[in-house]
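In: quick check, what structure comes out for this input:
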Amino acid sequence: MAKIKARVVPEGNIGGLYNPLTLILLDADDVKAAGLDYEQAMKVAATYTDGPCGIDIYDRNTITTTSDGLLAECGMVAIGASDQGLVNPKYGWLPMYEEPYTEEIVKEEPNLKAWQMLYPGYRLVKGPSPDYKKLPVHNAVMTGKAGNNNSASEIMNLVTMKEMLFPFLGLRSLFWGDDVRIGHAGPVFSVSIGMMFPERYGRISYFPTCESGNTLHNSGAFAQTLKKDLPCVTCTKKMFAGYIIRHLNCGLVPARDIACAPSILTLACCMGKEIAWERITDRAWVELDSVGFTREYFDSLPRLTEEEILERADELIPGMEDAVTVKAADIVLDVEIEF
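Out: Residues are numbered from 1 along each chain as shown. Sure thing, here's the model as predicted:
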């Protein structure tokens, strides 16, 4: 019998909160070495357990975009969901769209100016491929009780409706073996994830529906309540700060090239970087103000060096409540699945 390596995040208690699905994380290189294509790999992974699963395949030679517009290594090239050892043949898995590099796409999506500066030679993957996407709005796959939504950043048991948020950098940290933070999303995080940027075939927003400087949630003071009570797994704040710093140093301007999320605005102020304040809409300000991120607050922030920002990342980067730092080794199982 052949085998394929997998990293498994079991259903159940992780960091004191409930993970509603078993997560099976595969490496595209291991899939290839096993002689499988992505669909076959999904079916093999599904045999690991009869319970509901989310299945994600990562490619270390790719980059992807976060909801803020930041670029990050090791994008997902396919997402899936299984239950009872099966993958729904129509709705159970999706390959992701690979965006070729062109000068035109960089003009349309200015966050991609960082592509050749930070990640030359990497391929860019985004949300589901339009050739395979079945659902008109959500970037989701589902089989039985398992729902793997927003390109694997939100998983749920579709019967119990238990959910957990896995922003890309958090889930990828588990795949890489890095520390993660686990807690409730909280009001600031709930506001932050609505501050997006326009892109085509995105992981979260499939069409360019939200300009940088605006809010996709468009919920006023209620935006802070949308996701605040959900359990959430993120990367460490120091890691996130490093990504923001590198993108700001590429000349990307918050509210013009990337989102106007509180973390990005905070670090841009501390670094003395340009911010397109005039592009932040009144609707976005209502949401920012509701969680204490007023213009007066941003103007009061001290100027800091990059080293000082990284040292003080836990203090400067907002978001998450009652969070604990957990080692990936305390959560993730390294297994081999026979087929």
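In: okay, now the domains of the protein?
Out: Using automatic domain parsing, the domain parsing of the chain gives 3-176+330-338, 186-323.
In: let me see the ranges of the helices in the stretch 101-250 of the chain.
Out: 103-108, 113-118, 168-176, 186-192, 237-249 (DSSP state H, counting those that start in this stretch).
In: re the thing from before, can you add mean pLDDT and mean neighbour count and give the domains of the chain back as CSV?
Out: Yep, even glycine has a C-beta here, placed from its N, CA and C like the rest. As requested, the domains of the chain are exported to CSV (pLDDT from 0 to 100; neighbours: other Cβ atoms under 10 Å):
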stretch, mean pLDDT, mean neighbour count
domain 3-176+330-338, 98, 20
domain 186-323, 97, 20
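In: ok, back up a step: nearest to Ala328, of the helices of the stretch 101-250 of the chain?
Out: Ranking those by proximity to Ala328 (Cβ to Cβ) places helix 168-176 first, at 5.1 Å.
In: mind exporting that closest one as PDB, just the C-alpha atoms?
Out: C-alpha atoms of helix 168-176 as PDB (Å, rounded to 0.1, in the frame of the first residue of the first chain):
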ATOM      1  CA  PHE A 168      -4.800  32.300   6.500                       C
ATOM      2  CA  LEU A 169      -1.600  33.100   8.500                       C
ATOM      3  CA  GLY A 170      -3.000  31.200  11.500                       C
ATOM      4  CA  LEU A 171      -3.800  27.900   9.700                       C
ATOM      5  CA  ARG A 172      -0.600  28.100   7.700                       C
ATOM      6  CA  SER A 173       1.300  28.500  11.000                       C
ATOM      7  CA  LEU A 174       0.000  25.200  12.100                       C
ATOM      8  CA  PHE A 175       1.000  23.700   8.700                       C
ATOM      9  CA  TRP A 176       4.500  25.100   9.100                       C
END
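In: what's that helix packed up against?
Out: With contacts taken as 3 or more Cβ pairs under 8 Å, 6 or more residues apart in numbering; DSSP states H and E, helix 168-176 sits against strand 3-9, strand 22-27, strand 53-65, strand 71-82, strand 180-184, strand 231-235, helix 237-249.
In: what helix or strand does Phe298 sit in?
Out: helix 295-300 (DSSP states H and E).
In: distance between the following helix or strand past that helix and the chain's centre?
Out: Counting by DSSP H and E, the next helix or strand C-terminal to helix 295-300 is helix 306-311. Centroid displacement of helix 306-311 relative to its chain, using Cα atoms, centre = their mean, to the nearest Å, is 23 Å.
In: tell me which strands and helices helix 306-311 is in contact with?
Out: Using 3+ Cβ pairs under 8 Å, 6+ apart, helix 306-311 is in contact with helix 237-249, helix 262-271.
In: turn these into CSV, columns for distance to Leu165.
Out: Output for the helices and strands packed on helix 306-311, formatted as CSV (distance: least, Cβ to Cβ, whole Å):
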stretch, distance to Leu165
helix 237-249, 15
helix 262-271, 16
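In: and of those helices, who's closest to Gln40?
Out: Among the helices and strands packed on helix 306-311, if distance is taken as Cβ to Cβ, the winner is helix 237-249, at 33.0 Å.
In: report all helices and strands that the closest one contacts.
Out: So helix 237-249, by 3+ Cβ pairs under 8 Å, 6+ apart, packs with helix 113-118, helix 168-176, helix 262-271, helix 306-311, helix 313-316.
In: so which elements touch the helix or strand following the last one?
Out: So the one you mean is helix 313-316. Going down the chain from helix 313-316, the next helix or strand is strand 321-326, by DSSP H and E. Applying 3+ Cβ pairs under 8 Å, 6+ apart, one finds that strand 321-326 makes contact with strand 180-184.
In: tell me the average confidence for the strand it packs on?
Out: Averaged over strand 180-184, pLDDT sits at 99.
In: that strand to strand 321-326, inter-axis angle?
Out: 150 degrees (axes from the mean of the first three to the mean of the last three Cα atoms, to 10 degrees).
In: and strand 180-184, how far out from the chain middle?
Out: The answer for strand 180-184 is 14 Å, by Cα atoms, centre = their mean.
In: just stretch 77-89 next, same as before
Out: 20 Å.
In: alright, that wraps it up for me.
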